[in-house]
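In: quick check, what structure comes out for this input:
(4 chains, ligands or ions: 6)
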Amino acid sequence: MGQTISFQPVRLGAAPDGSAPVGPAATAPVAPSHIADVLGVVVSHVWLNDEYRHLVLEAPEPAPLARAGQFFNLECPHTAEDKPFLRRPMSLYRADPVHGIVEFLYKVTGVGTRGLASIKVGRTMRLLGPLGVGFSIPDGARSIVVLGRGVGLATLAPLAEMAAARGVGVTAILSARSAATVMSVERFAAIGATIQIVLDQDGTSDPANVERILREAAAVGRADAFYTCGSNRLMLLMQRLGRELSIPGEVALEQQMACGLGMCFCCVRNFSVDGVVEARRVCTDGPVFRLDEAMPW
Amino acid sequence: MGQTISFQPVRLGAAPDGSAPVGPAATAPVAPSHIADVLGVVVSHVWLNDEYRHLVLEAPEPAPLARAGQFFNLECPHTAEDKPFLRRPMSLYRADPVHGIVEFLYKVTGVGTRGLASIKVGRTMRLLGPLGVGFSIPDGARSIVVLGRGVGLATLAPLAEMAAARGVGVTAILSARSAATVMSVERFAAIGATIQIVLDQDGTSDPANVERILREAAAVGRADAFYTCGSNRLMLLMQRLGRELSIPGEVALEQQMACGLGMCFCCVRNFSVDGVVEARRVCTDGPVFRLDEAMPW
Amino acid sequence: MVDRGSVDTRVRIGDLVLRNPVMPASGTFAEGLAPVVPFERLGALVTKTVTAELRGGNPTPRVCEVGQGMLNSIGIPSKGIDDFLEHTLPFYRGFATPLVASVSAPSGDAFAEAVARLDAPGVAAIEANISCPNIEEDGKAFAMDPRSTAQVVAKIRRATKLPVWVKLSPNTGDVASVARAAEDAGADALVVANTILAMSIDIETFRPRLGNVMGGLSGPAVKPIVVRMVYQCARVARIPVIGCGGISTAADAVEYMLAGASAVQVGTATFVRPTAMLTVIDGLIQFCARKGFARVADLTGAVHDADMTVDTVEVAS
Amino acid sequence: MVDRGSVDTRVRIGDLVLRNPVMPASGTFAEGLAPVVPFERLGALVTKTVTAELRGGNPTPRVCEVGQGMLNSIGIPSKGIDDFLEHTLPFYRGFATPLVASVSAPSGDAFAEAVARLDAPGVAAIEANISCPNIEEDGKAFAMDPRSTAQVVAKIRRATKLPVWVKLSPNTGDVASVARAAEDAGADALVVANTILAMSIDIETFRPRLGNVMGGLSGPAVKPIVVRMVYQCARVARIPVIGCGGISTAADAVEYMLAGASAVQVGTATFVRPTAMLTVIDGLIQFCARKGFARVADLTGAVHDADMTVDTVEVAS
Ligand SMILES: Cc1cc2nc3c(=O)[nH]c(=O)nc-3n(C[C@H](O)[C@H](O)[C@H](O)COP(=O)(O)OP(=O)(O)OC[C@H]3O[C@@H](n4cnc5c(N)ncnc54)[C@H](O)[C@@H]3O)c2cc1C
Ligand SMILES: Cc1cc2nc3c(=O)[nH]c(=O)nc-3n(C[C@H](O)[C@H](O)[C@H](O)COP(=O)(O)OP(=O)(O)OC[C@H]3O[C@@H](n4cnc5c(N)ncnc54)[C@H](O)[C@@H]3O)c2cc1C
Ligand SMILES: Cc1cc2nc3c(=O)[nH]c(=O)nc-3n(C[C@H](O)[C@H](O)[C@H](O)COP(=O)(O)O)c2cc1C
Ligand SMILES: Cc1cc2nc3c(=O)[nH]c(=O)nc-3n(C[C@H](O)[C@H](O)[C@H](O)COP(=O)(O)O)c2cc1C
Ligand code: FES
Ligand code: FES
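Out: Ligands and ions are numbered 1, 2, ... in the order given. Below you'll find the predicted structure:
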């Protein structure tokens, strides 16, 4: 669990950041179109708590070449009660191209994730991906702040590792209902991130307190970029501060999907681009978007 | 497996034969409307050969009160490949009211029976019944002839036992493709039936030969009533001889069903009643009908 | 939360008050269900469509299953109205549940005549199944068209003092106009809807899987289509709409009521699970209790759509 | 048995010969599928419907699943025909597979103008999506009615020398008459059909599950309904019918072809299994080999129904 993994963001149709993959495991450069519907084998599938499960699959390339912020469209098994029809999008939680592993961390919420939760070790399932545009770290950034809540933390964990692999420092603000539901702390800790856990339980997750932490990080020069996922309220807060303090940022968004490949236009969200509202597809234009252009949901 | 079981035919809407249940296990009289959708537990479920399975269920009353020729509408489980929607009708193969057991013998042919074949010992399934009109034995009959083929033999086996329990002799002509696919021989043997196995394999199942056997049985006074199930060709043969020799008879018929309760009129077949063609519902007017009124299918 | 025991399950369909909104769909219910379902627990009883003339029905096979639904081509076999009055009606007089007699006929006058004969003690309402072909209009079903609907319903209306429920067809291109036409012509309620014309072919034998080639689709597969029609009809009609199509759970019934139905009919689900109607009734009460609705009737039309507009281009995808 | 390698998979749609009868359905296919499906293996490529004007589409959520099917209310977002000619078309010129450009417009004249502009190198045929509202007729979709269909198709026909495929709506009450009208007005082929108008309500939130309230049903749930429409259209049309609705396996494609389809479109199945079209193609070849058909095209209309008659009363159940 402790190995370092390299991630390379891919900005489809936009200027790639150009930096080469960094880290011990040399990965071949990934063409944007390197997507396939592969059959993965479940090698581990455990409950992290009452709601969240961690799914580890052995899967052929290109699946394990996925980058932080990218996602897969998962075919969820049927059970006696739940017959999910469409696939379900899930962010990459970890990819290990050397061992051919992809991991997901998900919350069991409805028909699809209940179906997913039923899959046993040793069974196979189809996963389409890697899909979408992952996170990018601006050239020259020395330290970034990631702010996540709930399952959003799962999406940010590989970003933190990508940053660390490039020698970029990470401040991680992890928001959760209670101490029992903070996830992935060990992964942020393993890369030496400065970790701030904020909870509803003791009131520390209050926006005012989070704002204080963010301003502090900026004040001490540890906020060259902002990243957020998993909470509308926190996104708005980070967006406001980012604008005020001229800190660039990215947000990973969600939307109901069908194809995951940019074909159906089911998954659009509105963005405010230079004052004009523009619809973009979360699946191919995102799921990672510029923080300053995002709109609340 | 060797215990004697009593069967009592119920003629809904027609004159019941009036005779009381006979046999060691005293059963309460069954009202025609004694039908329920009960939950059975699978206590045994084995393959008899490549195509046929034997399913034994423990089920509450009224299920084990079923009589020879009656049937149940079975809710067939879903599998990954097969999702049967409607229920599937299956004849009673054996009922044991003392031990609360009902048994079925079925051929795996399509979506529904493949689903049924997947059910494991210990699991529960719903069965609606007992449904329809079972076999009746004319008052005063001393000896009857049953002629069946394929899974039709399963339907006739409890009739033979009902006859034996009343002291009525049985000649059983069992037709099959090959020796390996003759079923239920041991049940006919156990009640002391005169058994004639006729096979496609050696040509003995040829109608001419079967006709010879039937005429012989009639000639020696062992054919006070004819019963058949499972073959159009054999039904026509028995019907012709029955008319010629004035032997009353019954035939158990099949038809696609939906409700099993006489409501939907899906399951009609045509009958020739005094020269007039009349449609009757297999599920409630049958599935056992007068042999002389049946029409080929 | 409301106490389950105190949820008022009654609904009103015109002048009729039903003890609860759940009843069988015509053709999927008959005397044969009595051993399995206590008829006194149902909101109403609805008979198989009867015609004045004797009808044999269609060739077999009359049924096949398709995914999570079924096709039928029964073809309205009927022993005639005399037989209905003599044998069917007396059976149902034994139950303290209103009996709705479904009837069909090939012309407006024949409909009027049939309906008049059904005005007998024990019949609480008429359900006019106008999905049958109108012989005066090239055999096109009455319910395909607002004009022929208006004509036949007007004749039915004049022929009886009983409440007239008009059962619409989902095979028309404009169910809302047909609904309005039926209301304007005097219908007391609308039943939405009958089966959707469909077909299935056995790819091994190359034969249509129904003896009649085509038949009516029913069951869960049709639910989203018919929920839409109930919504469309309820928005234009002042009379109650009774939803019918693919209901097998209380959740389905709730969805229909939110869309605008005042009551629901359960058809195919009874074949799959004979006690389905009872489960729907129990589940409705439980749902209302959990959501704090004191009256099941308050679900009718309670969909939250006030802030939404419909873009008709979506019809085209 | 025929050797799998020797099954002739070609089908003819008017003057176009396709290498096999399997193609995507409009709106469920785009450049994004290229990494997963070799476009050279498909019979044709069909683009998302384009309009002359810029269109934003409908509010979200635009999709929800319903049993074994889905609802969508995308609403035809479009970047316009200029963008199509400049960006979309050049991408597809790289593939040796005929490209069918789907187009829509709110009036006959606008349709004609749009179609004329699409007469560009690389476009092999036009698919006219006439399920959109005709602004000259109260916003009723062209395809709801034979008369408006005839008018719009005639204008489209005069505007281009390209083959014109007309995509019909399943929401009309009389798809066969609409099919005939399209053929008489000059259509080269019929695509049967678009999505079926439907609706779903979330019973926890009481909100319609689509931002647009109603949307189009697609996927396995619609198959028996659309197979019936293909059968009805193929019986009255001399031009080829392309079947579209719920096809996800080769068995589904065979069923459509037996009912009368000359080719098939696969939509929703691609979302569930991106390589579905390839599976359908392989399975069709296997089926023909097993059944001894030397040509896939021989499946078209091969249903054994000559001895059967249809009783229209079954429409009523
Ligand atoms: C790019 C992307 C990445 C995601 N990554 C993760 C992740 O790593 N871990 C995780 O737990 N969840 C993640 N989600 C959310 C996850 O897809 C939904 O929780 C899941 O689809 C719910 O499906 P369900 O059938 O269990 O729930 P239901 O509530 O029954 O879903 C009903 C329908 O709504 C859709 N839906 C519901 N919630 C969402 C949502 N938030 N986003 C998109 N569609 C939704 C479902 O796909 C389904 O069609 C991600 C979503 C997106 C778009
Ligand atoms: C009263 C009655 C008693 C029966 N008893 C037995 C029995 O004891 N053992 C046994 O093996 N079979 C029996 N059958 C036949 C059994 O019901 C069918 O073999 C079974 O329904 C096939 O379903 P399937 O989905 O596996 O096959 P498929 O061929 O896939 O069935 C497709 C459809 O056709 C229907 N169907 C197919 N064959 C028949 C048939 N012969 N009769 C009625 N419907 C049919 C099915 O119900 C289903 O709706 C009986 C049928 C009836 C009517
Ligand atoms: C086997 C069968 C027979 C039917 N017979 C009739 C009928 O006689 N009259 C009628 O109005 N509707 C008839 N219907 C239609 C049902 O009443 C109902 O409208 C339709 O099945 C949709 O409801 P469901 O999906 O709950 O079955 C019949 C349906 C089935 C399945
Ligand atoms: C998300 C989505 C978008 C669609 N967009 C279009 C479209 O732009 N133009 C069109 O003619 N049909 C469109 N359709 C309809 C499909 O082309 C097809 O007719 C329908 O989905 C039925 O086929 P299926 O069941 O295989 O999906 C769309 C369907 C879906 C599901
Ligand atoms: S999910 Fe289809 S375009 Fe995004
Ligand atoms: S199966 Fe319904 S009447 Fe026989």
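
In: since we're on A:Cys283, how many residues are nearby?
Out: Neighbour count of A:Cys283, defined by other Cβ atoms under 10 Å in any protein chain shown: 27. All C-beta spots, glycine's among them, are computed from the backbone N, C-alpha and C.

In: pLDDT of stretch A:239-248, averaged?
Out: Average pLDDT, stretch A:239-248: 97.

In: so, low pLDDT: which residues of chain A?
Out: Along chain A, the model assigns pLDDT under 70 to residues A:1-33.

In: for ligand 4, what is the nearest residue in chain A?
Out: A:Cys264 (4.0 Å; Cβ to the nearest ligand atom).

In: roughly how far apart are that residue and A:Cys283?
Out: 9 Å (Cβ to Cβ, to the nearest Å).

In: who's in contact with C:Met23?
Out: C:42-46, C:100, C:242, C:263-266, C:277 (Cβ atoms under 8 Å, 6 or more residues apart in numbering or on different chains).

In: before we move on, what SS does the residue of chain A closest to ligand 4 have?
Out: On the three-state scheme (DSSP: H, G, I helix; E, B strand; the rest coil), A:Cys264 is labelled coil.

In: wait, it sits on A:Ala258?
Out: Yes. When contacts are counted by Cβ atoms under 8 Å, A:Cys264 is listed as touching A:Ala258 (4.6 Å).

In: ok, which stretches of chain C are helices?
Out: In chain C, the helices defined using DSSP state H lie at C:80-83, C:89-93, C:108-117, C:146-159, C:175-184, C:223-236, C:250-259, C:268-272, C:276-291.

In: okay if I get the ones you listed as JSON lines plus mean pLDDT, distance to ligand 6 and mean neighbour count?
Out: JSON lines is the format used below for the helices of chain C (pLDDT from 0 to 100; distance: least, Cβ to the nearest ligand atom, whole Å; neighbours: other Cβ atoms under 10 Å in any protein chain shown):
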{"stretch": "helix C:80-83", "mean pLDDT": "96", "distance to ligand 6": "17", "mean neighbour count": "16"}
{"stretch": "helix C:89-93", "mean pLDDT": "96", "distance to ligand 6": "16", "mean neighbour count": "15"}
{"stretch": "helix C:108-117", "mean pLDDT": "97", "distance to ligand 6": "23", "mean neighbour count": "20"}
{"stretch": "helix C:146-159", "mean pLDDT": "97", "distance to ligand 6": "28", "mean neighbour count": "21"}
{"stretch": "helix C:175-184", "mean pLDDT": "98", "distance to ligand 6": "29", "mean neighbour count": "24"}
{"stretch": "helix C:223-236", "mean pLDDT": "98", "distance to ligand 6": "22", "mean neighbour count": "26"}
{"stretch": "helix C:250-259", "mean pLDDT": "98", "distance to ligand 6": "22", "mean neighbour count": "26"}
{"stretch": "helix C:268-272", "mean pLDDT": "98", "distance to ligand 6": "7", "mean neighbour count": "26"}
{"stretch": "helix C:276-291", "mean pLDDT": "98", "distance to ligand 6": "15", "mean neighbour count": "19"}
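
In: among the ones you listed, which is nearest ligand 1?
Out: That would be helix C:250-259 among the helices of chain C, by Cβ to the nearest ligand atom, at 13.0 Å.

In: hmm, that closest one touching chain B?
Out: No. For helix C:250-259, no contact with chain B is found by Cβ under 8 Å from any Cβ of the partner chain; the gap never falls below 15.5 Å.

In: what's the offset of that helix from the middle of its chain?
Out: 15 Å (Cα atoms, centre = their mean, to the nearest Å).

In: list the buried residues of stretch A:269-284.
Out: A:269-271, A:280-284 (16 or more other Cβ atoms under 10 Å in any protein chain shown).

In: next step: the residues you listed restricted to helices.
Out: Short answer: those have none in helices (DSSP H).

In: ok, so of those residues, who is nearest C:Val213?
Out: Nearest to C:Val213 out of these is A:Cys283 (Cβ to Cβ; 42.4 Å).

In: for that closest one, phi and psi?
Out: Per-residue torsions, A:Cys283: phi -70, psi -30 (degrees, to the nearest 10).

In: for chain D, what's the nearest residue on the stretch 51-200 of chain A?
Out: Relative to chain D, the nearest point of the stretch 51-200 of chain A is A:Phe85 (4.3 Å; Cβ to the nearest Cβ).

In: contact partners for the residue lying closest to that residue once chain neighbours are set aside?
Out: Spatially, and ignoring its direct neighbours in sequence, A:Phe85 is nearest to D:Glu65 (4.3 Å; Cβ to Cβ, 6 or more residues apart in numbering or on different chains). Shown in contact with D:Glu65 (Cβ under 8 Å, 6+ apart): A:84-86, A:111, D:71.

In: and the buried residues of stretch A:269-284, which is closest to ligand 1?
Out: A:Val282 (5.8 Å).

In: contacts only, for the closest one.
Out: A:132, A:253-255, A:257, A:267-269.

In: again with C:Ser6
Out: C:Ser6 neighbours (Cβ under 8 Å, 6+ apart): C:Ala294.

In: which bits of the stretch 151-297 of chain A sit near chain D?
Out: So far as Cβ under 8 Å from any Cβ goes, the stretch 151-297 of chain A lies against chain D at A:255-259, A:261-269, A:279, A:284.

In: pull out the buried members of these.
Out: Among these, those buried by neighbour count (16+ other Cβ under 10 Å) are A:255-259, A:261-269, A:284.

In: out of these, flag the one nearest to B:Arg94.
Out: Nearest to B:Arg94, judged by Cβ to Cβ, of those is A:Ala258 at 51.1 Å.

In: quick check: most distant residue from the centroid of chain A.
Out: A:Ala80 (31.1 Å; Cα atoms, centre = their mean).

In: tell me the contacts of the nearest residue to that one once chain neighbours are set aside?
Out: Leaving aside its chain neighbours, A:Ala80 sits nearest to B:His78 (7.0 Å; criterion: Cβ to Cβ, 6+ apart). Applying Cβ under 8 Å, 6+ apart to B:His78 gives the contacts A:80, B:84, B:115.
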